[in-house]
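Q: following is a predicted model, sequence given first.
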Amino acid sequence: MKHDADDDSTDLAWQRALRQALAEPQPPLTDADAGLKRLMRRIDQGDAAPAMAPARRRGHGPLVGWLAAAVVVEAVGLSVLGAGLLWRDAAAPAYQTLSAPAGEPAGVALRIVPAPALRADELQALLRGLDLQIVSGPNAAGAYGLALQARAASEQQVAAKVAALRAAPGMRLVEPVGGPR
Amino acid sequence: MPLLSLIRARPAAAPQGDADEAALLHRIALGERAAMESLYRGYHRRLDRFLARLTRRADVVEEVINDTFWIVWQKAGEFRGDSRVSTWILGIAWRCALKTLREHGDEPTEPADAASAADALHALDDPHARHELADWVAKGMRRLTAEQRATMELAYGAGHSLDEVAQIMDCELSTVKARMFHARAKLRQVLPMLAGMPAVRHSGRAGRQENDDEA
């Protein structure tokens, strides 16, 4: 009996020591700031492309059908991103990914990706208040092209609209269309 | 005689209250980047530590953290509060880690150096020596399977309850207990001298209660 009690006591002490050693603070392996920067860049780019991760996590269901759908969605996303790379203006921000697809109507001054939670009437009210109108979209990435109601919009006017939209809730991405207009 | 089970009183460390974190998730679901940044900063250290138990490759750790928060960004609106936010996020991190580790393959394990451990044990009042011992224990951990390492880190390192560990790793409670049992058995072989370690009684962690679970 005493032998068992000694064994238990030793085991408990060992576990306690193990727990303590495992709970010791460890220096981080990675840099939080650099990681956050990369994450935000990914979010900027990813918001413009259909998310693949959720597609992968869906149930097994009719597997072939889902795989085919995923391939189609991916192809569309890659096309949009590819077009974006070709059309990107040198002055445009490096993270801009919502580039104009071929055949986009003239006059598109900026593009937005509203959050899914934003209701249509809320979006309409927001755009009406800023004298903006939807002239294209949504494209495969869920992006809309917007035009200012004033015919000749200056860069300052576009910048003001961009700032106002970014300040509004429910906007995932707001970017001016690159180049003079 | 089996060890008596002692119930853990210490909750897993939470830099923000769960309600605050749930509010952050709600804002993230609306596309607020500032909320995303706040959540990221609150969890980076925890995820880094958890994942560092699974791999020593910083690039892989960063990749998994990035994947985890990318999914959080996409799925924040689906969080319904059925679990703690930390459990939800760590569950995502665990699944991302499994996938990434499978892609990168196994890492070579380092042999545990018993002589170094014994040296560290003799100077445990010295914080540096305690770190050294922690490093040595970390080497011992690398002899375990990924599932065992994750279980031990979540339960012992991060202080999650076994129920939470089961939720995070999406397995039965009995599986968690079995993993801990086998992990401890393996660690016992490479860390036998931990028993009777004097520093455990005056290291400032005396308030922590054990959850010696599968007794």
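A: Great, that's in hand. Residues are numbered from 1 along each chain as shown, chains lettered A, B, ... in the order given.
Q: from here on, just use CA atoms for contacts and neighbour counts.
A: OK.
Q: state the mean pLDDT of whichever strand or helix holds residue B:51.
A: Assigning secondary structure by DSSP states H and E places residue B:51 in helix B:33-52. Helix B:33-52 shows a mean pLDDT of 95.
Q: so does that helix get close to chain A?
A: Yes: Helix B:33-52 is in contact with chain A by CA under 8 Å from any CA of the partner chain, via B:37, B:40-41, B:44-45, B:48-49, B:52.
Q: mind listing what's buried along that helix?
A: Buried residues in helix B:33-52, defined by neighbour count with 16 or more other CA atoms under 10 Å in any protein chain shown: B:33, B:35-37, B:39-41, B:43-52.
Q: do stretch A:22-38 as well
A: A:22-23, A:29-30, A:32, A:35-36.
Q: ok, stretch B:88-107 next?
A: Buried residues in stretch B:88-107, counted by 16+ other CA under 10 Å: B:88-97, B:100-101.
Q: which residues of chain A lie near chain B?
A: Contacts of chain A with chain B, taken as CA under 8 Å from any CA, map to A:4-5, A:8, A:10-24, A:26, A:28-30, A:32, A:35-36, A:38-39, A:42-43, A:51, A:53, A:115-118, A:169-172.
Q: buried subset of these as a ChimeraX selection?
A: Selection of buried members from those for ChimeraX, criterion 16+ other CA under 10 Å:
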select /A:8,11,12,13,14,15,16,17,18,19,20,21,22,23,29,30,32,35,36,39,42,43,51,115,170,171,172
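Q: which of the residues of chain A next to chain B fall in helices?
A: With DSSP state H as the criterion, helices contain A:4-5, A:8, A:10-23, A:32, A:35-36, A:38-39, A:42-43, A:53 from among those.
Q: show me what the helix holding residue B:51 is in contact with.
A: Here helix B:33-52 makes contact (CA atoms under 8 Å, 6 or more residues apart in numbering or on different chains) with A:26, A:28-30, A:32, A:36, B:15-16, B:21, B:24-25, B:27-28, B:58, B:61-62, B:65, B:69, B:73, B:90, B:93, B:97, B:150, B:153-154, B:158.
Q: can you check stretch B:96-106 too?
A: Taking CA under 8 Å, 6+ apart as the rule, stretch B:96-106 contacts B:51, B:60, B:64, B:67-68.
Q: so which of those residues sit within helices?
A: Cross-referencing the contacts of stretch B:96-106 against helices under DSSP H gives B:51, B:60, B:64, B:67-68.
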